[in-house]
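Student: Okay, predicted coordinates and the sequence, questions at the end:
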Amino acid sequence: MKPDNINAISMILMAVVTVVTIYFFRTKPIKNIAWKVKIPSAIGGAVFALFFFAFAIRQKMCIEIAEPFGQFELTALCVMGLILLVDRKTIMFVSCALALLGGVQLQVQFNGLVHNSEEYWTIDANTHEPMAKGCSERKTPDGIILQKQWHTWFTGIYTRKK
C-alpha cells in the first residue's frame, strides 16, 4: 500500500475509533451533559491540540503552511468530541492522549511525504501553488503540475503529474 493511502486510511480510522469510543462511553442520556462545563473544556482541548501541533511537531519552521491541514483539524475535532460526549474522565483523558499521539504520527508522516519525497506534494496555503520541498529558499517548485488523489480533499497530499 502506498504511503499516501496509509495516511488517508489512518485518518479515517482515527475518526472511526473516536466515534466508537463516544458511542460506548457516552453520557447517557445526552440531556444530562453539563454543557456549561463541557463546551469551554472542549474548546480548550481543541485549542490545546492545535497549539500542541504548532509547537511540538514542527522540526523546522518555514513560512509555508500546507493548505488543507486535515491532520490538525481532525485531531482537534476528535479531542473536542471526546471531551464533550465521553462521561468517564479516565476514558476521556486516555482517549484524548491517544488522539493527540495519533495526530502527531499522522503529521510526522505527512511532513515526511510532502517535504522529503519527490513523488508526493502539497499546496501552500498562502500562494495556492505547489509547496517547495523543505523551505522555499532551497528549492522552487516551478513548472510542477499536481494531480489530485481520492483523499486529497482531507489529507492535502497530491502526486506529481508525469
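Tutor: Thanks, I have it. Numbers count the residues shown, from 1 in each chain.
Student: for the residue nearest to the spatial centre of the chain, what are its contacts?
Tutor: In the chain, the centroid-proximal residue (CA atoms, centre = their mean) is Gln71; its distance is 0.9 Å. If you count contacts by CB atoms under 8 Å, 6 or more residues apart in numbering, Gln71 has them with 11, 53, 103, 106-107, 110, 155. From N, CA and C alone the C-beta is placed, and that goes for glycine too.
Student: helices or strands up against the helix or strand bottoming out on mean pLDDT in the chain?
Tutor: Least confident element among the helices and strands of the chain, by mean pLDDT, DSSP states H and E: helix 35-56 (a mean of 79). Secondary-structure packing of helix 35-56 (3 or more CB pairs under 8 Å, 6 or more residues apart in numbering; DSSP states H and E): helix 70-85, helix 89-116.
Student: Return the set of buried residues in the first one.
Tutor: Think helix 70-85. Buried residues in helix 70-85, counted by 16 or more other CB atoms under 10 Å: 70-72, 74-85.
Student: quick one on the thing from earlier: out of the contacts of Gln71, which is most surrounded?
Tutor: Within the contacts of Gln71, most neighbours by other CB atoms under 10 Å means Thr155, with 28 neighbours.
Student: Need the pLDDT of it.
Tutor: pLDDT recorded at Thr155 is 85.
Student: Kindly report the same for Leu98.
Tutor: The model's pLDDT for Leu98 equals 93.
Student: Quick check: the gap between it and Ile12.
Tutor: 16 Å (CB to CB, to the nearest Å).
Student: what's the spacing between Leu82 and Ala125?
Tutor: Taking CB to CB, one finds Leu82 at 27 Å from Ala125.
Student: So, low pLDDT: which residues of the protein?
Tutor: 53-69, 132, 134-142 (pLDDT under 70).
Student: go again using 90 as the cut-off
Tutor: Within the chain, the stretches with pLDDT under 90 are 1-7, 26-77, 80, 83-89, 100-101, 103-162.
Student: picking that back up, which two in the contacts of Gln71 are spaced the farthest apart?
Tutor: Based on CB to CB, the longest span within the contacts of Gln71 runs between Phe53 and Thr155 and measures 15.2 Å.
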